[in-house]
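Trainee: curious how this folds, go ahead:
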Amino acid sequence: MPAASRALARIAPAGTVRLPATCATDILRACFDTKGVGERPKGKYLHIRVEGAPSDEALDSEKREMLWKDSIRYAGLKDGDTSLANWQ
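Mentor: The predicted structure is shown next:
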C-alpha cells in the first residue's frame, strides 16, 4: 500500500491520498508561518500549501464544540496535562 500511496500522490497531489510529509508540511505551516497564515490562525483550511475554504460542517459551532470535548475525552486529558488555558 505505501508504494501505491506514493504513486497516487504523485499523479494527483491534491487528491484524496496524501502522504504524511504533505500533511506535516501543512501542520508546520499553520504553526510557524505567521506572515502567510497569520499570528493565531482560526478556521483555516490548508491543503498542500494552498489556503482554501473550510466545509460548512467545519463552520458549525456545535459540531466544533462536540469535536473539542470528545477529543479531550478520547485523549484522556486531565488538569496538568496541557499548558492551554481554558481548555475544558
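Trainee: how about the strands in this structure?
Mentor: 45-47, 50-52 (DSSP state E).
Trainee: identify the residues contacting the residue nearest in space to the middle of the chain.
Mentor: Taking C-alpha atoms, centre = their mean, the centroid of the chain lies closest to Ile27, which sits 6.2 Å from it. With contact set as C-beta atoms under 8 Å, 6 or more residues apart in numbering, Ile27 has no partners. For the C-beta atoms, the positions are set from N, CA and C on the backbone; glycine is no exception.
Trainee: and it, what pLDDT?
Mentor: We note a pLDDT of 84 for Ile27 in this prediction.
Trainee: for Lys69, see how far away it is.
Mentor: 22 Å (C-beta to C-beta, to the nearest Å).
Trainee: likewise for Pro54?
Mentor: 19 Å.
Trainee: highest mean neighbour count out of the strands of the chain?
Mentor: strand 45-47 (a mean of 15; mean count of other C-beta atoms under 10 Å).
Trainee: ok, and what's touching that one?
Mentor: Ala14, Asp26, Arg29, Ala30, Val37, Glu51, Gly52, Ala53, Pro54, Ser55, Ala58.
Trainee: if we go to 7 Å?
Mentor: Residues from elsewhere that reach strand 45-47 (C-beta atoms under 7 Å, 6 or more residues apart in numbering): Ala14, Asp26, Arg29, Ala30, Glu51, Gly52, Ala53, Pro54.
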